[in-house]
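Peer 1: just coords:
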């Protein structure tokens with residue numbers, strides 16, 4: 001069944017489009033919040049910005065994860081053998097752990113050095129995820 005998704009002339013490309021929209025929502029809104037935590041745009045109320053951006057981040061993650069799982073299902077064996085794909089999955093897990101740590105320690109309320117360090121780590125992890133995602137087809 002999943003092989004048919006990969007073979008269909010427009011289904012797999014549409015999954016890629018949905019994946020890119022999800023990644024765009026996730027990274028664009030996360031970057032906006034990260035910049036605010038790092039001190040840019042101090043006139044923007046952090047609580048309201050966080051509520052809006054984190055909602056869009058969650059929607060983006062859900063779109064990217066759902067489409068990514070469907071794309072994975074079309075070529076699971078090949079992707080599991082791909083080291084870059086494995087690194088991407090580990091980086092996503094680390095980004096999730098970092099987000100859990102950030103929110104678990106209430107970093108949005110603290111806005112301290114650790115909060116800023118966790119945001120910088122988040123940016124670095126997601127940029128590496130993005131890079132690995134692009135490199136999967138070349139390894």
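Peer 2: Right, received. Where do you want to start? Everything numeric in this text was worked out from a predicted model, so none of it was measured. Numbering: from 1, shown residues only.

Peer 1: mind listing what's buried in the helix or strand containing residue 78?
Peer 2: Here residue 78 sits within helix 76-80, counting by DSSP states H and E. Across helix 76-80, burial judged by 16 or more other C-beta atoms under 10 Å covers residue 79. Where C-beta positions appear, they are placed from N, C-alpha and C, glycine not excepted.

Peer 1: how far off centre is the very next helix or strand once past it?
Peer 2: The helix or strand immediately downstream of helix 76-80 is helix 83-104, counting by DSSP H and E. Mean C-alpha position of helix 83-104 versus that of the full chain (C-alpha atoms, centre = their mean, to the nearest Å) differs by 9 Å.

Peer 1: which residues sit against the next helix or strand after helix 83-104?
Peer 2: As assigned by DSSP H and E, the chain's next helix or strand after helix 83-104 is helix 107-110. Here helix 107-110 makes contact (C-beta atoms under 8 Å, 6 or more residues apart in numbering) with 37, 46, 47, 50, 102, 114, 115, 118, 119.

Peer 1: at 10 Å instead, please
Peer 2: 33, 36-37, 46-47, 49-50, 54, 99, 101-102, 114-119 (C-beta atoms under 10 Å, 6 or more residues apart in numbering).

Peer 1: and those, which of them are buried?
Peer 2: Of the contacts of helix 107-110, these count as buried by 16+ other C-beta under 10 Å: 33, 36, 37, 49, 50, 54, 99, 102, 115, 116, 118, 119.
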